[in-house]
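K.L.:
the following block contains a protein sequence and its predicted model.
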Amino acid sequence: MVIDKYELRAIILSGALLSVFFFAVLYNSYSRKIDMPTCIPFDKTFEKSQVKKIDDDLYEVYLVAGMWAFDPEEIEIPAGSTVDFYLTSKDVVHGFHINEKGVNMMAIPGTINKITTKFEDAGTYRFVCNEFCGVGHQNMMGKVIVK
């Protein structure tokens, strides 16, 4: 059986593009220290918003998205802290984006997404919903205050 030369070129090009894609994902997740969101099994514990201090520099934030607000809307942590964000939604699909930290997740009802990021510098880091979720979408925002 002989493969047509154009089909062979298409197969080679597809394999090369797939290799570049996987390299880009691995490069961004390891070399650039960009954490990839993780989906974890649903648990009722995550339906209640809270900020938990695990130790001196580790916090867990259970963030609940709902029309048209995040709960909690304001999070205070000390500089140098690492934060595990656990995100879920009460109603529809929402987004969660912290521009300065490269954090971007989806809040999907019935699922829990997790991402970890470190806040080295003091300041205010605003987070917004970047997925259109209805007429009050433009007001869906909050902030992480790093002291």
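P.N.:
Thanks, I have it.

K.L.:
would you give the sheet partners of the worst-scoring helix or strand of the chain on mean pLDDT, along with the direction of each?
P.N.:
For the chain, the helix or strand with the lowest mean confidence is strand 38-40, at a mean of 72 (criterion: mean pLDDT, DSSP states H and E). In the sheet, strand 38-40 lines up against strand 112-119 (antiparallel) (DSSP bridges).

K.L.:
centre of the chain to the partner strand, how far?
P.N.:
Relative to the chain's own centre, strand 112-119 is displaced by 6 Å; criterion: CA atoms, centre = their mean, to the nearest Å.

K.L.:
immediately after the least confident helix or strand of the chain, which helix or strand?
P.N.:
As assigned by DSSP states H and E, the chain's next helix or strand after strand 38-40 is strand 50-55.

K.L.:
now do the buried residues in the following helix or strand past that following strand.
P.N.:
Heading C-terminal from strand 50-55, the first helix or strand you meet, by DSSP H and E, is strand 58-66. Using 16 or more other CB atoms under 10 Å as the test for burial, strand 58-66 gives Tyr59, Glu60, Val61, Tyr62, Leu63, Val64, Ala65, Gly66. Glycine gets a C-beta too; all of them are placed from N, C-alpha and C.
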